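[1] starting from these lines, generate the structure:
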Amino acid sequence: QVQFTESGGGLVQDGGSLRLSCAASGDRNINYATAWFRQAPGKEREFVAAIRWSGANKYYAPSVRGRFTISKDHAKNTVNLQMNSLKPEDTALYYCAADKTGRGSGPWEDWGQGTQVTVSS
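    Residues are numbered from 1 along each chain as shown. Next up, the predicted model:
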């Protein structure tokens, strides 16, 4: 099992930036892919971005492509999400999950607790 701890959320103005981090611990024997998801109040959970274990393959939701960048720090075993040009509609709880097939397309499991991002207009 993988345990994720998300951090870096906060309150930012429209057009601002935030950098989220997802620190992983636990099973180091599986080359899993890691994804960021988000969920706003009253809305369904939404895929944001994913990265394969090697870091060579990255995937983005159309709503964030060109504004968000996912990256991996192997030394720290963290996956980061740089979020630029934030919009009020990006407001949500952001959290991580693992795809143990390694493909980066799910199924997703071992969900973290999340970090709150709030973008004010």
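
[2] now the residue nearest the centre of the chain: phi and psi?
    Residue closest to the average C-alpha location in the chain (CA atoms, centre = their mean): residue 36, at 2.3 Å. Main-chain dihedrals, residue 36, degrees, to the nearest 10: phi -100, psi 130.

[3] hmm, it is touching residue 81, no?
    Yes - between residue 36 and residue 81 there is a contact at 5.1 Å, judged by CB atoms under 8 Å. Bear in mind the C-beta positions are built from the backbone N, C-alpha and C, glycine included.

[4] what touches both of these two?
    Jointly contacting residue 36 and residue 81 under the rule CB atoms under 8 Å, 6 or more residues apart in numbering are 20, 22, 48-49, 70, 94.

[5] mind putting those in a markdown table, distance to residue 117, secondary structure and pLDDT included?
    A markdown table is the format used below for the shared contacts of residue 36 and residue 81 (distance: CB to CB, whole Å; DSSP: H, G, I helix; E, B strand; the rest coil; pLDDT from 0 to 100):
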| residue | distance to residue 117 | secondary structure | pLDDT |
| --- | --- | --- | --- |
| 20 | 7 | strand | 98 |
| 22 | 13 | strand | 97 |
| 48 | 10 | strand | 98 |
| 49 | 14 | strand | 98 |
| 70 | 15 | strand | 98 |
| 94 | 6 | strand | 98 |
